[in-house]
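Trainee: What follows is a predicted protein model with its sequence.
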Amino acid sequence: MSTSAKDDGRDVRQEQVLDLPEIAINRKWCKGCGICIAVCPQDVYTADRDGKPVIAQPDLCIWCERCDMYCPDFAINLAGKKLW
Amino acid sequence: MQTINSTALVQQYFRPKLPTIWCPGCAHGIVTKALVHAVRELDLDPKKTVLVSGIGCSSRATGYLDFGTVHTTHGRALAFATGIKLARPELTVIVISGDGDASAIGGNHLIHASRRNIDLTLVVYQNGTYGMTGGQYAPTTRTGQITTTSVGGHVERPFDLCTLAQAAGATYVARSTAYHFDMLSRLIVKGVRHKGFSFVEAISSCPTYAGRMNGMETGAEALTYMREHAVPYDGTGSVAQGKFPIGILHESQAPEWLEVYQQQVIGR
């Protein structure tokens, strides 16, 4: 991280509440294998009719990056500034 | 290690050819991601890095990666890579191979590349089957496993590729799985930095053939299998029946081929 919370004078604890990634799913590349749904410890995703993930509960995401890590098709990306 | 950020990886290191041809749930994509993650960690210049692959599902990876890539004949990836390394020793050469490609068709190249201890890194995508041709058994298929050519259960004993490479003289031998992504990535980083022949076995999966016939129909079930059967290497390598050790299994120092050649032949 280039700027720490201390430098710009904001309260770190307040930001941590909002520390959620932007989950992007590339539905053209997704093959609906269901790995992301299975490995998510927080049940962020549910499957649609094709077995592809739908972001059902983004607020529960703990940013463990397991979906980003285990997606074999490079179809999930978690973007944002991670505070931890 | 930094965050994964797949989109940045794809933009930086991939040709605009995605999606891949691999089946839904195939862990080859995860292993390829670990490899590219390692390349980012090593900060290798794509113009000075060569990826060589043979034939098979795994070897299709070079088609998607934006490095100097060679998609060679079946089993001969190590032979081509040896030639590239001899002609241009300043290049980083990484070989991608499947288990059938590396241990059956190219088995001789594997043992002799190990014996020569030439500065290459071999990453074997090991899923225990010939996935591209329809799920025939490979030298790494486990005893009792059902495949399209062993419908009653495989009778032969499997090859332990790491032991083979170590016995043949490889100076860096490591194994990890697609499930142990961070470890796999770190092992590849160490393998590329290692001076000499580095052998990294990455346990992958084949949900379509080997998985479907053996109760692991989905990619997630194959990942669970890897999690439950991999045991961290404790220095002895003795594990319970059916399990396998992961980690750096062997590391030693030996004269590297190119250095010896430089000293004894060119520098004379």
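Mentor: Okay, I see it.

Trainee: Which strand or helix spans the residue in chain A positioned nearest to chain B?
Mentor: As assessed by CB to the nearest CB, chain B sits closest to A:P72 within chain A, at 2.9 Å. For every residue, glycine as well, the C-beta is placed using N, CA and C. Take DSSP states H and E as the rule and A:P72 turns out to sit in neither a helix nor a strand.

Trainee: okay but it is in contact with B:I21, surely?
Mentor: No: A:P72 is beyond contact range of B:I21, at 11.7 Å (criterion: CB atoms under 8 Å).

Trainee: Compare these two and say which one has the larger neighbour count.
Mentor: Neighbour count, other CB atoms under 10 Å in any protein chain shown: between A:P72 and B:I21, A:P72 has more, with 28 against 12.

Trainee: Check what pLDDT B:K17 gets.
Mentor: pLDDT, B:K17: 91.

Trainee: what's the nearest residue to it if we skip its chain neighbours?
Mentor: Excluding the flanking residues, the one nearest B:K17 by CB to CB, 6 or more residues apart in numbering or on different chains is B:Y64, at 5.2 Å.

Trainee: Residue 44: what's it in contact with?
Mentor: Defaulting to chain A. A:I23, A:I55, A:A56, A:Q57, A:P58, A:L60, A:C61, A:C67 (CB atoms under 8 Å, 6 or more residues apart in numbering or on different chains).

Trainee: that answer is for a different chain, and I need it for chain B
Mentor: Taking CB under 8 Å, 6+ apart as the criterion, B:L44 is in contact with B:T92, B:V192.

Trainee: From the chain's centroid, how far away is stretch A:20-27?
Mentor: 6 Å (CA atoms, centre = their mean, to the nearest Å).

Trainee: mind listing what's buried in that stretch?
Mentor: For stretch A:20-27, the neighbour count (16 or more other CB atoms under 10 Å in any protein chain shown) marks A:P21, A:I23, A:I25, A:N26 as buried.

Trainee: Phi, psi for the last one please.
Mentor: So the one you mean is A:N26. A:N26 adopts backbone torsions of phi -90, psi 100, taken as degrees, to the nearest 10.

Trainee: Could you measure from it over to A:A47?
Mentor: 16 Å (CB to CB, to the nearest Å).

Trainee: Great, nothing more from me.
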